[in-house]
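Asks: need the 3D shape of this:
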Amino acid sequence: MAPLNFKVTGNLSETATGEPLVGETVNIPITNPDGSAGPVLTAVTDASGNYSVSVPAPDPLPTGAYGADATFGGNADDQPADSGLVVANVGPAATELTLNFQIG
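Replies: Numbers count the residues shown, from 1 in each chain. Modelled structure (predicted):
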């Protein structure tokens, strides 16, 4: 089984023009299901304003609702921005049970 990752993707652009913000840092704190702070992910936007970051998740990954909230601190031309909280629910891992039954 492949290891699980926290993967976050998104886009940062100017509201009025829709122009991408290039080379800007986005911080993404993760909240664990018990409410405690998880890792803070950091990404830099590309030429289209897109960002993507992936880090290993705990193994085993506890079930429950994980939260992420991307923030941009602003710059000389653009105000700070916040994505708002996004929640991803993790259910129990799939299981398989095998029974080999023989007679004689």
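Asks: which phi and psi does Pro56 have?
Replies: With angles defined as degrees, to the nearest 10, Pro56 sits at phi -60, psi 140.
Asks: how many other residues sit next to it?
Replies: Residues contacting Pro56 under the criterion other C-beta atoms under 10 Å number 10. The way it works is simple: take the backbone N, C-alpha and C, and place the C-beta from them, glycine included.
Asks: hmm, Lys7 and it touching each other?
Replies: No - counting by C-beta atoms under 8 Å, Pro56 stays clear of Lys7, with 10.5 Å between them.
Asks: which secondary structure element contains Asp59?
Replies: Counting by DSSP states H and E, no helix or strand carries Asp59.
Asks: that one and Gln79: what is the separation?
Replies: From Asp59 across to Gln79, the span is 39 Å (C-beta to C-beta, to the nearest Å).
Asks: show me where this protein has helices.
Replies: Here the chain has no helices by DSSP state H.
Asks: how about the strands in it?
Replies: In the chain, the segments counted as strands under DSSP state E are 5-11, 25-31, 37-44, 50-56, 64-68, 71-72, 81-82, 86-90.
Asks: now render those strands as TSV, adding distance to Ile103 and mean pLDDT.
Replies: Listed next are the strands of the chain as TSV, based on distance: least, C-beta to C-beta, whole Å; pLDDT from 0 to 100:
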stretch	distance to Ile103	mean pLDDT
strand 5-11	46	89
strand 25-31	52	95
strand 37-44	52	93
strand 50-56	46	91
strand 64-68	44	92
strand 71-72	64	96
strand 81-82	65	96
strand 86-90	42	90
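Asks: could you export the ones you listed to CSV, including columns for distance to Glu96?
Replies: As requested, the strands of the chain are exported to CSV (distance: least, C-beta to C-beta, whole Å):
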stretch, distance to Glu96
strand 5-11, 23
strand 25-31, 29
strand 37-44, 29
strand 50-56, 24
strand 64-68, 23
strand 71-72, 41
strand 81-82, 42
strand 86-90, 19
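Asks: for Leu12, give its distance to Ser83.
Replies: Distance from Leu12 to Ser83, by C-beta to C-beta: 9 Å.
Asks: more neighbours: the two, which one.
Replies: The neighbour comparison of Leu12 against Ser83 (other C-beta under 10 Å) goes to Leu12, with 23 against 16.
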